[in-house]
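*Asks:* Sharing a sequence plus its predicted fold:
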Amino acid sequence: MVEPAAPGAEIALEALPFAAAACDARRRVRAVNRRLAARMGESPDALIGLPASELFEPAGRLFFETVIASRLALGLPCEDVAMRLRVREGAPVEVLLGVGADAQGGLVLCLHERDAFRRFESELAASRARLLDELDRATAEGARRMQGLREIAHDLRSPLNAIRGLAEFALREPFGPLGHAKYRAYLNDIKTGADALDALAVGAIGLGTDAAGAAIPIDAVDPRVPAARAIRALRPILRRRRQRLAVSFARGRPRAHANAAALERVLLNVLSNASKFTPLGGGLELAIRTAPDALELRVGDSGDGIPPEVIARIGQAFLPTRRSADAAERGSGLGLAIAAKLMAAMGGRLTVERAGAGGSTILLSLAAAPGGRDAG
């Protein structure tokens, strides 16, 4: 008497996209799927209890009982063995047989029709070739964009250096005092903005090259210092957009393993991105907190949020994350791409903590340096 199939075995066989049978330890059929029964022109019940070899034509039965049985006894694989499946009416069907063990110590027979299997292999090879071709085109397009970006960024540095140099020259007042204090403040804003744009251009030139993710000098940095510089550089933009920035710094003397200049660039890029996607008159927030063995900086906005399908690809260049609140601007994803690479170079990471309706929060995590503490 044939051993019954384990609970769920018949369901598992039916789920397979090819003809299949389960056999007990004596190689007697204890379950088949409907694909196999229909191909043989038999009812499933008529096949239960038969020796597995009787699923095949007479010549194949001897081969199954000798060669295949010997290979199974020696623990050798039996895959893609050419056999001829017995059919009640009509010509035998050529199949490729694969045999494996099941959890009950029996066998599972997998039977692929040779013609269908060849078609599948051909379609699979065609799909693989098509995907590789698309990947090559995408890689070439990405390289072309990166090269164009580096060339543009390189060309931008010349006028930026001129703007910065003129602002520095005017601040020295070689031809007399500037007069009103606001002029000096405006010149400082121009110089700070030119510095920030130059840093962005330098990052864009290195983006996509080995140097982009290279290690940078790391020190114990008080994050409040680069944060204050980034906020100062962003003030003209916030004034123009009538946006409010709420700042909350950890008390005590927080310290992080970081590079001060790189962290300033990261914060400026992330804050600029948050401002871009916050409506005119909206609010942003920057918070610095310590966590066990880590220091966290959160930048939040009150825009429409980042679509879920984009979150996993945050930090990729040329990936617009969402629609800008200002119709005149269009995000390219470069700011966050550069920020993510700089965070990685400092041993940290950039992630999206909140992305639903009502805005997004970007989390910047860095290793805490000794001596840092949060008193509240």
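*Replies:* Looks like it came in fine.
*Asks:* Residue 76 belongs to a strand?
*Replies:* No - checked against DSSP: H, G, I helix; E, B strand; the rest coil, residue 76 lies outside a strand; its state is coil.
*Asks:* count of residues packed around it?
*Replies:* Other residues lying near residue 76 total 9 when counted by other C-beta atoms under 10 Å. Every residue, glycine included, has its C-beta placed from N, CA and C.
*Asks:* Could you give the bridge partners of residue 248?
*Replies:* For residue 248, the beta-bridge partners under DSSP bridges are residue 287.
*Asks:* Can you give me the neighbour number for it?
*Replies:* For residue 248, the neighbour count with other C-beta under 10 Å is 10.
*Asks:* pretty sure it contacts residue 297?
*Replies:* No - using C-beta atoms under 8 Å, residue 248 makes no contact with residue 297, being 10.6 Å away.
*Asks:* Can you pull the residues that touch both of the two?
*Replies:* Common contacts of residue 248 and residue 297 (C-beta atoms under 8 Å, 6 or more residues apart in numbering): 286, 287, 288.
*Asks:* Report pLDDT for the last one.
*Replies:* If I follow you right, that is residue 288. On pLDDT, residue 288 comes in at 92.
*Asks:* Kindly report the same for residue 101.
*Replies:* 83.
*Asks:* How about the contacts made by the residue nearest to it when sequence neighbours are not counted?
*Replies:* Computed as C-beta to C-beta, 6 or more residues apart in numbering, the closest residue to residue 101 that is not its neighbour in sequence is residue 107, at 6.4 Å. For residue 107, the contact set (C-beta under 8 Å, 6+ apart) comprises 22, 23, 27, 52, 72, 99, 100, 101.
*Asks:* Which strand residues bridge residue 107?
*Replies:* As for beta bridges, residue 107 partners with residue 23, residue 101 under DSSP bridges.
*Asks:* ok, now the one 5 residues further on?
*Replies:* Here residue 112 sits in beta bridges with residue 96, going by DSSP bridges.
*Asks:* Cross-check the contact I'm expecting between it and residue 95.
*Replies:* Yes - the criterion here is C-beta under 8 Å, and residue 112 meets it with residue 95 at 6.2 Å.
*Asks:* Neighbour count: the two, which is higher?
*Replies:* For residue 112 versus residue 95, the count of surrounding residues by other C-beta under 10 Å is larger for residue 95: 28 against 20.
*Asks:* for that one, what are its contacts?
*Replies:* Here residue 95 is in contact with 19, 82, 83, 84, 85, 111, 112, 113, 114 (C-beta under 8 Å, 6+ apart).
*Asks:* Contact partners for the fourth one?
*Replies:* Same thing as residue 84. Contact partners of residue 84, counting by C-beta under 8 Å, 6+ apart, are 56, 57, 59, 60, 92, 93, 94, 95.
*Asks:* so can I have a markdown table of those showing secondary structure?
*Replies:* As requested, the contacts of residue 84 are exported to a markdown table (three-state DSSP):
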| residue | secondary structure |
| --- | --- |
| 56 | strand |
| 57 | coil |
| 59 | helix |
| 60 | helix |
| 92 | coil |
| 93 | strand |
| 94 | strand |
| 95 | strand |
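*Asks:* Make CSV out of those and add distance to residue 178 and pLDDT.
*Replies:* CSV is the format used below for the contacts of residue 84 (distance: C-beta to C-beta, whole Å; pLDDT from 0 to 100):
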residue, distance to residue 178, pLDDT
56, 98, 93
57, 101, 92
59, 102, 86
60, 98, 89
92, 98, 88
93, 93, 88
94, 92, 89
95, 90, 90
